[in-house]
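Enquirer: what follows is a protein structure lacking sequence information:
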C-alpha cells in the first residue's frame, strides 16, 4: 500500500460526458502528479501541483483540468470525453525526496 | 521528453541475475537517477535511486558509471514476480516535470 488513494477505481462513461477523478496523497506529501497511461503505452505526464499551486504542465489537453485543494487532495476533471481518452490515470505524490508514490490508478472507459 | 534511453525489452531466466541498462548522457550534476517498476495492472513502484555512488537495497542494486552517463539496475536473482516494465528516470528536487520514458519490459523465463 503506497498510501496514495485514487477514486474511483473503475469508471465507464459515454463520449461527450465529463468525469472527475480524485486523488488523496500520502499524509504530509505536498506534491501531486497526474499521469495518463493508454493501453500498452507509457506514462504520459499531465500536470503537477505543489501545495495548491500548479507547478508544471505536460501534455494535458485543454479539455482536461486539475486542481489541488487546501487539504492537499487533488482532482482531475476530464470533459467532452472522446474514445481516445480511455486509459489508466495515475496519481502520485512525493515530499521532495524524489521518491514518487503512485496510487493504484483509475481506469476510465469511454464508450 | 525523457532524458534516458533503455532497451525496449529483455529476457532473463529465473534465479539468474539481471542487468538492466540505462543511458543518460545529458545528465546534470544535480540529477538523481531513479528506477521504478510497473507490474501488470498496477501503478509504478519505486525501486532504488542514487546520485554518484553505487546503492544497494532489499530489492536491487544500482551501479552508476563514473561519468554518470549510464547506470545499471541489478536484480540479483530474478523471480517470476520481477516480470515488469522497468523505468529509469532523472530527478531533481527543483525539476517539476518527472518524465517517464517507455522503459524496459522484462520477461522472466521459468
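Expert: Right, received. Where do you want to start? Here the structure is a predicted model, which is why all the values come from computation and not from measurement. Residues are numbered from 1 along each chain as shown, chains lettered A, B, ... in the order given.

Enquirer: spit out the contact partners of the nearest residue to residue B:28 once chain neighbours are set aside.
Expert: Nearest non-adjacent residue to residue B:28, counting by CB to CB, 6 or more residues apart in numbering or on different chains: residue B:92, 7.5 Å away. Every residue, glycine included, has its C-beta placed from N, CA and C. With contact taken as CB atoms under 8 Å, 6 or more residues apart in numbering or on different chains, residue B:92 is in contact with B:28, B:30-32.

Enquirer: state the distance from the nearest residue to residue B:57 once chain neighbours are set aside to residue A:91.
Expert: Nearest residue to residue B:57, sequence neighbours excluded (CB to CB, 6+ apart): residue B:48, at 5.5 Å. Going from residue B:48 to residue A:91 by CB to CB, to the nearest Å gives 22 Å.

Enquirer: neighbour-wise, which of these two wins?
Expert: residue A:91 (29 against 21; other CB atoms under 10 Å in any protein chain shown).

Enquirer: which strand or helix spans that one?
Expert: strand A:87-94 (DSSP states H and E).

Enquirer: what about the strands in chain B?
Expert: B:9-13, B:18-23, B:32-38, B:45-50, B:55-56, B:61-64, B:70-75, B:84-91, B:104-109 (DSSP state E).

Enquirer: just so I know, which of these lies nearest residue A:102?
Expert: Distance to residue A:102, taken as CB to CB, is lowest for strand B:45-50 among the strands of chain B, at 6.8 Å.

Enquirer: run the angle between the closest one and strand B:84-91 for me.
Expert: Here the directions of strand B:45-50 and strand B:84-91 differ by 50 degrees (axes from the mean of the first three to the mean of the last three CA atoms, to 10 degrees).

Enquirer: rounded mean pLDDT for strand B:45-50, please.
Expert: Averaging pLDDT along strand B:45-50 yields 94.

Enquirer: tell me the angle it makes with strand B:32-38.
Expert: Using the same axes, to 10 degrees: strand B:45-50 against strand B:32-38 is 160 degrees.

Enquirer: next one: stretch B:7-24 to chain centre, how far?
Expert: Relative to its parent chain, stretch B:7-24 has a centroid offset of 9 Å by CA atoms, centre = their mean, to the nearest Å.

Enquirer: one more: stretch A:56-66?
Expert: 10 Å.

Enquirer: end to end, how far does that stretch reach?
Expert: 12 Å (CA to CA, to the nearest Å).

Enquirer: give me the mean pLDDT for it.
Expert: pLDDT averaged over stretch A:56-66 gives 93.

Enquirer: please point out which parts of it sit buried.
Expert: A:56, A:58, A:60, A:64, A:66 (16 or more other CB atoms under 10 Å in any protein chain shown).

Enquirer: equivalent analysis for stretch B:78-98, please.
Expert: Per 16+ other CB under 10 Å, stretch B:78-98 contains these buried residues: B:78, B:82-91, B:96, B:98.

Enquirer: likewise stretch B:11-20?
Expert: B:12, B:18, B:20.

Enquirer: what's the end-to-end length of that stretch?
Expert: For stretch B:11-20, the first-to-last residue distance is 10 Å (CA to CA).
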